[in-house]
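> Generate coordinates for the sequence data below:
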Amino acid sequence: MPGFTASVDYYRIKIGNIIGTIPLEIILDRCLETGDEFFCSQVVRNPVNGTLFGTTAASGGFINGQTVNVAKSVNEGFDIQANYRLPLEDWGVDKWGGISFDLAGSLLTKQSNTSLPGDPSYDCAGYFGSSCGTIYPKWRHTARVNWTIPGVDATLSVAWRYWGKTKYENLSSDDQLAGPPNPFISKIRAVNYFDVAGIWDLNDKVRLRAGVNNVFDVNPPLVPSAVVGGGLPNTYPLYDLLGRRLFVGITANF
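Okay, here's the model as predicted:
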């Protein structure tokens, strides 16, 4: 198939000692239940009366909730890339310029997390929620069509950015994630963004570029703040938060 190239790459990325915080109630519960030194060492009692209710760090009476290197994760999937240039010259219509297609996609098959040493892992592929930490669609891609305009040194392109659908993590069959449904949200629909851009080389020294991102002004999906996490808007920042955006730029070389 002349003009076509493609590649498929398998990846497995294992990360250990991830920085994170352990909820204080979990630290105290695990210390009481197991006597594990890792958890019990984070419970700092007042040396005089043994209370957990202190007023200063020096006097004790607190549970250490600082970040620690305890978590680990494993990500597995496939990265897919494909390019195709239409052989217009073979059809006798090369005067129309040139047309090419590009695809860069990722298929996530596993997103395994272990929050604490010795705990069972849970798989977040295809889910979102506070335990997963963010959104993990199984499929996402960027596809692009490029047209080299005849008669001028310019290229016009249209891009399609796609984020696949996901479910709320409590709907998972995984025992570590399963739980009562959220009354406000059960899934996040697939999201499609379309962008248009053009580049025009006016001469050897000046290049003009312009375009519109998120042409149809698609709003990000709303997610309850209790699910997405504190300090973030009511959605995941992986989505387009600003809506439709126009840009124009000039590059000049002297």
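> just checking, S186 touches T166?
No. With contact defined as Cβ atoms under 8 Å, S186 does not reach T166; the gap is 10.4 Å. To be clear about C-beta, it is placed using only N, CA and C from the backbone, and glycine gets the same treatment.
> and the two? which has more neighbours close in?
T166 (23 against 11; other Cβ atoms under 10 Å).
> Quick one: residues contacting the more buried one.
T166 is in contact with G126, Y127, F128, I135, Y136, P137, K187, I188, counting by Cβ atoms under 8 Å, 6 or more residues apart in numbering.
> residue ranges with poor pLDDT in the stretch 1-150 of the chain?
23, 55, 57-59 (pLDDT under 70).
> Now do the helices in this protein.
Assigned by DSSP state H, the helices in the chain fall at 24-34, 37-40, 225-228.
> same for the longest one, what does it pack against?
Translated: helix 24-34. Other elements packing on helix 24-34 under the criterion 3 or more Cβ pairs under 8 Å, 6 or more residues apart in numbering; DSSP states H and E are helix 37-40, strand 43-44, strand 62-63.
> out of these, deepest packed?
Here the criterion is mean neighbour count by mean count of other Cβ atoms under 10 Å, and of these the winner is strand 62-63, at a mean of 18.
> Give me the contact list for that strand.
Strand 62-63 has contacts (Cβ under 8 Å, 6+ apart) with L24, I27, L28, Q42, V43, V44, L52, G54.
> Pick the one among those residues closest to G61.
Comparing the contacts of strand 62-63 against G61 with Cβ to Cβ places G54 closest, at 2.3 Å.
> Tell me which residues touch the residue nearest to the closest one when sequence neighbours are not counted, please.
Nearest residue to G54 in three dimensions, chain neighbours excluded: G61, at 2.3 Å (Cβ to Cβ, 6 or more residues apart in numbering). By Cβ under 8 Å, 6+ apart, the contact set of G61 is V44, R45, N46, T51, L52, F53, G54, T55.
> Apply 6 Å and report the result again.
N46, T51, L52, F53, G54 (Cβ atoms under 6 Å, 6 or more residues apart in numbering).
> Quick one: buried ones out of the residues you listed?
Buried subset of the contacts of G61 (neighbour count, 16 or more other Cβ atoms under 10 Å): G54.
> with the contacts of G61 in mind, which one is nearest to F4?
Top of the list for closeness to F4, among those and by Cβ to Cβ, is L52 at 66.3 Å.
> which sections of the stretch 151-254 of the chain are below the confidence cut-off?
Applying pLDDT under 70 to the stretch 151-254 of the chain flags the ranges 230.
> Nearest residue to R140 in space, please, no chain neighbours.
Counting by Cβ to Cβ, 6+ apart, R140 lies nearest to W163, which is 5.2 Å off, once chain neighbours are set aside.
> brain fart, F4
In space, and not counting its chain neighbours, F4 is closest to Y84: 4.6 Å by Cβ to Cβ, 6+ apart.
> How many neighbouring residues does the one you found have?
For Y84, using other Cβ under 10 Å, the count is 16.
> What of R30?
Residues near R30, counting by other Cβ under 10 Å, number 19.
> Identify the residues contacting it.
By Cβ under 6 Å, 6+ apart, the neighbours of R30 are F39.
> separation between it and V70?
The spacing between R30 and V70, counted by Cβ to Cβ, to the nearest Å, is 12 Å.
> Strands of the stretch 101-250 of the chain, start to end?
Remark: strands assigned in the stretch 101-250 of the chain by DSSP state E, counting those that start in this stretch are 122-123, 127-128, 139-149, 154-163, 166-168, 187-188, 191-201, 206-213, 245-252.
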